[in-house]
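[1] Predicted coordinates and the sequence they were generated for:
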Amino acid sequence: MTSNTPLHAGGVADPHLMLAFDQPSIPTWLADRLHSSDIAGVSLFREWNIESSEQTAELTSELQRLNAGPLPLLIAADQEGGQLLSLVGSTPFAGNMAIGATGDADLAYRVALAIGRELRSVGINVNYAPAVDVATQAMNPSLGIRSFGDDPAEVARLGAATVSGLSDAGILSGIKHFPGKGEALVDPHFDLPYLDQPRDRIDSVELPPFAAAMKAGARILMMGHYLVPAITDSTEVPISASEKGIDGLARTELGFSGIVITDALDMGALDQGPAQVVEIIAMMRAGTDLLLCMPDPDLQERVRQAVERGYSRGLIPESTLSVSRDRITSVRSSIAPLMLDPSVVGNSEHHELANELARRSITLVRNEDGLVPLQLGAGARVLVLEPEPSDITPADTTSRYPPGLATALREHHQDVSGIVYPHSPGVNDIEGARTAAMECDLLVVGTDFANEDQASLVEALLATGCPTVTVALRTPFDLAMYPTAPTHICTYGSHTPSMEAVAKALFGRAAFPGRLPAAIPGLYPTGHGEGG
């Protein structure tokens, strides 16, 4: 079936573009484009566009007012929770892996419903979430707590509940990163991952969460930029430009009828020069509907011209674009009118829900010396060391939140001092921390996606003989970097609710109900937990 909507001369590409801009107000060029073309929509990013909930509501309202097209714009953001919180002032929910640690699909639904209501209240109608990748590779640099865990069935169950919650809030889910990037050992922001799993492994591990999310009502599917030869039969063509990956696997085999969108087109996984034109044409021929552009004007023009010239020269058939337009029209037509109310963002009910998620996910992985719950005298000196919040990937927002572990512990014990160390501590940092530790009665050491330098810090502190609690502030896998630590806790996020929850549990004022949602290689299986 082909669309009855004609392709606009000179504007063939516009209905297939998700544009972006690099300021908190609408630039003149975008206002002109909205007035003269029917672009699909825009993506908003915390770094460039979002200053407050009130400003965001005004921005999205103006975008829709300037939109000359017959349908509402798709206005999208990355609001996953955990390390991706695009909306300023939003409730700081822990990452998906925290939900995995509770195993509660109803909680997943309620968190997603709250996230969706906050987005909708400021005029955002698409969430590039949830990530339904399965966390099978501990060293994956760009997944971590964005995943619900390493059990495909659990990821499928919790991912589907999340899609349902967003949908019931009136938000379109953009499930990602198809066909699953759990095994990636490089970040596609910088390089092209090669995923060499056999097809039967992909069918049994990577695909079930996507199938469940589609069944739950996901209308947008984000393609990852990866080499997946078991699907594409190619070691050169990324799956995001493969007909076998999109029209073959996603549409024919899995039956997905919604919008297929690329991941960001400025990623290092793709050629960023003139050769990218070939990739864009291949993406459209393969069944892509939306092209996710970043603010770079050269990139946006290159993408636009690729589609325009691909069409005019017969490389992208009109029938392909017409069918794609039908899919986009169907989804855009489903967007309900928005009732803007920025006061919904970060409200007290949602904060209490974030506290519930944090309390129920905190996991006591190891307590060999029975150190926890802490039994400290009034004069005991506690030293807290925590890493400076940092962004592990370009999409990360962790650095925008202050460290809070020491602050949380001070609510329960008087003599707590703190050191914030660099994400990669040097020799002087380690020596300074070791010297300070010699004068304390207890050490609480936070790590965040622990690297060799953080591991060296932990080992140096353990060598002092001072009783030590290590706290993995993001992924549970940090313990594998310093496996001799006798007492280890996972929080699956470093925001205030998680810090307050771990402090209460440390001092025996709350339990450790969480269970590992992903195995710590060589140490503990999925489902392990010492608390109760």
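    Here it is on my side, so go on.
[2] what's the residue of the chain positioned farthest from its centre in contact with, if anything?
    Ranked by distance from the centre of the chain (Cα atoms, centre = their mean), the top residue is Gly379, with 42.1 Å. Shown in contact with Gly379 (Cβ atoms under 8 Å, 6 or more residues apart in numbering): Asp415. Bear in mind the C-beta positions are built from the backbone N, C-alpha and C, glycine included.
[3] do you know how far it is from Ala406?
    Spatial separation of Gly379 from Ala406 under the definition Cβ to Cβ, to the nearest Å is 18 Å.
[4] next one: phi and psi at the residue farthest from the centre of the chain?
    phi -100, psi 10 (degrees, to the nearest 10).
[5] Which pLDDT value goes with it?
    Looking at Gly379, its pLDDT reads 91.
[6] Please apply the same query to Leu338.
    pLDDT, read off for Leu338, is 81.
[7] before we move on, what about Gln83?
    The pLDDT attached to Gln83 in the predicted structure is 93.
[8] Okay, domains of the chain per the record?
    Taking automatic domain parsing as the domain assignment, the record places the domains of the chain at 16-77+84-92+117-336, 362-506.
[9] Turn these into CSV, columns for distance to Ala98.
    As requested, the domains of the chain are arranged in CSV below (distance: least, Cβ to Cβ, whole Å):
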stretch, distance to Ala98
domain 16-77+84-92+117-336, 7
domain 362-506, 4
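[10] now the stretch 1-150 of the chain, which segments are flagged as low pLDDT?
    In the predicted model of the stretch 1-150 of the chain, residues 1-10 satisfy pLDDT under 70.
[11] Residues contacting stretch 515-532, please?
    Identification of contacts with stretch 515-532 by Cβ under 8 Å, 6+ apart yields 97, 100-101, 103, 135, 138, 147-151, 154, 362-367, 475-477, 479-480, 483, 490, 505, 511-514.
[12] Now, those that are in strands?
    When DSSP state E defines the strands, the subset of the contacts of stretch 515-532 inside them is 363-367, 490.
[13] ok, those vs Leu143, which is closest?
    Comparing the ones in strands among the contacts of stretch 515-532 against Leu143 with Cβ to Cβ places Cys490 closest, at 15.7 Å.
[14] how deep is the closest one tucked in, by neighbour count?
    Counted with other Cβ atoms under 10 Å, residues neighbouring Cys490 total 34.
[15] so it makes contact with Val469?
    No: using Cβ atoms under 8 Å, Cys490 and Val469 do not qualify as a contacting pair, with a distance of 11.9 Å.
[16] Can I get the ones in strands among the contacts of stretch 515-532 in CSV including pLDDT?
    Formatted as CSV, the ones in strands among the contacts of stretch 515-532 follow (pLDDT from 0 to 100):
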residue, pLDDT
Thr363, 98
Leu364, 98
Val365, 98
Arg366, 97
Asn367, 97
Cys490, 98
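[17] which one of these has the most neighbours?
    Cys490 (34 neighbours).
[18] can you tell me the distance between the two ends of stretch 478-496?
    Looking at stretch 478-496, the gap from its leading to its trailing residue is 20 Å under the measure Cα to Cα, to the nearest Å.
[19] For that stretch, buried residues please.
    Judged by neighbour count using 16 or more other Cβ atoms under 10 Å, the buried positions of stretch 478-496 are 478-482, 485, 487-496.
[20] With stretch 202-220 instead?
    Across stretch 202-220, burial judged by 16+ other Cβ under 10 Å covers 202-203, 205-214, 216, 218-220.
[21] likewise stretch 242-254?
    For stretch 242-254, the neighbour count (16+ other Cβ under 10 Å) marks 242-251, 254 as buried.
[22] Nearest spatial neighbour of Arg359, chain-adjacent residues omitted?
    The shortest distance from Arg359 to any non-neighbouring residue, by Cβ to Cβ, 6 or more residues apart in numbering, is to Ala501 (4.8 Å).
[23] which SS state does Val444 fall under?
    Three-state call for Val444 (DSSP: H, G, I helix; E, B strand; the rest coil): strand.
[24] contacting residues for it?
    Residues counted as contacts of Val444 (Cβ under 8 Å, 6+ apart) are 382-385, 405, 409, 468-469, 471, 506.
[25] again, but for Val445
    Residues near Val445 by Cβ under 8 Å, 6+ apart: 384-386, 457-458, 461, 468-471.
[26] and the residues you listed, which of them are in helices?
    With helices identified by DSSP state H, the entries of those that belong to them are 457-458, 461.
[27] Buried by neighbour count, from those: which ones?
    Neighbour counting with 16+ other Cβ under 10 Å marks 457-458, 461 as buried within the ones in helices among the contacts of Val445.
[28] who touches stretch 157-166?
    Outside of stretch 157-166, the residues that reach it under the criterion Cβ under 8 Å, 6+ apart are 96, 99-100, 105-106, 108-116, 127, 129-130, 132, 148-149, 172-173, 175, 209, 212-213, 215-218.
[29] residue boundaries of the strands in the stretch 251-400 of the chain?
    Along the stretch 251-400 of the chain, counting by DSSP state E, counting those that start in this stretch, strands occupy 259-262, 291-292, 363-367, 382-387.
[30] how far is the first one from where the chain is centred?
    The one in question is strand 259-262. The gap between the average C-alpha position of strand 259-262 and the chain average comes to 17 Å, counting by Cα atoms, centre = their mean, to the nearest Å.
[31] Name the residues that touch that strand?
    Identification of contacts with strand 259-262 by Cβ under 8 Å, 6+ apart yields 18, 174, 219-223, 225, 240, 246, 250-251, 283, 287-292, 327-328, 331.
[32] thinking again about what came up before, list buried members of the contacts of stretch 515-532 by neighbour count.
    Neighbour counting with 16+ other Cβ under 10 Å marks 97, 100-101, 103, 135, 138, 147-151, 154, 362-367, 475-477, 479-480, 490, 505, 512-514 as buried within those.
[33] quick one: which of those sit in helices?
    Using DSSP H, the members of the buried ones among the contacts of stretch 515-532 that fall within helices are 97, 100-101, 154, 505.
[34] Gln272 versus the closest residue to Pro72 other than its chain neighbours, what's the distance?
    What sits nearest to Pro72 in space, not counting adjacent residues and going by Cβ to Cβ, 6+ apart, is Ile335, at 4.4 Å. Distance from Ile335 to Gln272, counting by Cβ to Cβ: 32 Å.
[35] Same question for Thr397.
    Applying Cβ to Cβ, one obtains 24 Å for the distance of Thr397 from Gln272.
[36] Just want to know which of these two has more residues nearby.
    Neighbours per residue (other Cβ under 10 Å) separate Thr397 from Gln272, with Thr397 holding more: 21 against 15.
[37] list the contacts for that one?
    Under the criterion of Cβ under 8 Å, 6+ apart, the contact partners of Thr397 comprise 46, 83-86, 391.
[38] Output those in a markdown table, with distance to Gln197 appended to each entry.
    Shown next, in a markdown table, are the contacts of Thr397 (distance: Cβ to Cβ, whole Å):
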| residue | distance to Gln197 |
| --- | --- |
| Arg46 | 33 |
| Gln83 | 25 |
| Leu84 | 25 |
| Leu85 | 31 |
| Ser86 | 31 |
| Asp391 | 28 |
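[39] Counting neighbours, what do you get for Gln414?
    Residue neighbour count, defined by other Cβ under 10 Å, stands at 11 for Gln414.
[40] returning to that earlier point: of all the ones in helices among the buried ones among the contacts of stretch 515-532, which two lie farthest apart?
    Greatest spacing in those, by Cβ to Cβ: Glu154 and Ala505 (23.1 Å).
[41] where exactly do the helices run in the stretch 1-150 of the chain?
    Counting by DSSP state H, counting those that start in this stretch, one finds helices in the stretch 1-150 of the chain at the ranges 28-36, 53-66, 96-102, 105-121.
[42] The residue nearest to Arg359 and Ala354 touch, don't they?
    No: with the criterion set as Cβ under 8 Å, Ala501 and Ala354 do not qualify as a contacting pair; they are 9.8 Å apart.
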